[in-house]
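> build me a model from this:
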Amino acid sequence: MRKRLSMLVSILLIALTLTACGGGSSIAEESFIEGSGAVTNINLEDRKAAPALSGMTLTGKTFIFNPGQVAVVNVWASWCSPCRAEIPTLIELAKQYPNVQFMGILTRDNPVNAEALARRLNIPYPTFIDDALLIGFKSTLPANAIPSTVLIDKNGNVAARISGEVTLTSLSKIIRKLEAE
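Okay, here's the model as predicted:
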């Protein structure tokens, strides 16, 4: 009996040790939906106004987007692997297209962690820390995955969305199309 009890205790300790090594993911990590990179475009005549985009950024400054230029709005979180993977592409495109306003919206994340990542990667565009801004996209192209990237045309209307990680080619193609309108 004592041997059996000792074996049971050993098995329980091993099980507890193995579950403790699971990495301890957060609720946000478990509940996000990763996009496939699918692009959705809206015909010019069917576009609706984008929500007003203004508020506090990761750097502690207030930013207000004024329509009149093409804008790229990237929804991300520092814990999201595809989000981190696409940041160099977004930085490169922000440099290639200086007349396009790039912005981020942080979602389900700790601003301190995100700010540290943004500083380390030298992200040159503002990132809003209030993900309530996403509600404004509900009637057009909601950010239905993390990451999601929504493009706004020069008239301030939602024109396209990439659901999932952006690529240099896919995002450049949409930017050039919108700049030519």
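> middle-most residue in this protein, spatially?
Taking CA atoms, centre = their mean, the centroid of the chain lies closest to Trp76, which sits 1.9 Å from it.
> okay, and for this structure, where does confidence drop off?
1-37, 142 (pLDDT under 70).
> ok, now with 50
5-35 (pLDDT under 50).
> tell me where it has strands.
Applying DSSP state E to the chain gives strands spanning 38-41, 54-56, 62-64, 71-76, 101-106, 127-128, 148-152, 158-163.
> show me what the first one is packed against.
What it means is strand 38-41. Counting contacts by 3 or more CB pairs under 8 Å, 6 or more residues apart in numbering; DSSP states H and E, strand 38-41 packs against strand 158-163, helix 168-180. Backbone N, C-alpha and C define where each C-beta goes, glycine included.
> rerun at 7 Å
Strand 38-41 sits against strand 158-163, with contacts defined as 3 or more CB pairs under 7 Å, 6 or more residues apart in numbering; DSSP states H and E.
> could you check the angle the strand it packs on makes with helix 168-180?
180 degrees (axes from the mean of the first three to the mean of the last three CA atoms, to 10 degrees).
> paired strands for strand 158-163, with orientation please.
Partners of strand 158-163 in the sheet, by DSSP bridges, are strand 38-41 (antiparallel), strand 148-152 (antiparallel).
> dump these to JSON lines, plus distance to Thr59.
Converted to JSON lines, the strands paired with strand 158-163 look like this (distance: least, CB to CB, whole Å):
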{"stretch": "strand 38-41", "distance to Thr59": "30"}
{"stretch": "strand 148-152", "distance to Thr59": "21"}
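> so for Ala85, which of these sits nearest?
strand 148-152 (13.1 Å; CB to CB).
> might you quantify the distance of the closest one from its chain's geometric centre?
What separates the centre of strand 148-152 from the centre of its chain is 10 Å, taken as CA atoms, centre = their mean, to the nearest Å.
> which residues does it contact?
Residues outside strand 148-152 that contact it (CB atoms under 7 Å, 6 or more residues apart in numbering): 35, 50, 67, 70-75, 137, 141, 143, 158-163, 166, 171, 174, 178.
> for the strands of the chain, which one sits closest to Glu92?
So among the strands of the chain, strand 101-106 is nearest, using CB to CB, at 10.8 Å.
> what about Val100, neighbour count?
Number of residues near Val100 (other CB atoms under 10 Å) recorded here: 19.
> now swap in Lys95 and tell me
Lys95: 10 neighbours (other CB under 10 Å).
> distance of it relative to Pro124?
As for Lys95, its distance to Pro124 is 7 Å (criterion: CB to CB, to the nearest Å).
> next: Thr89.
Applying CB to CB to Thr89 and Pro124 gives a distance of 13 Å.
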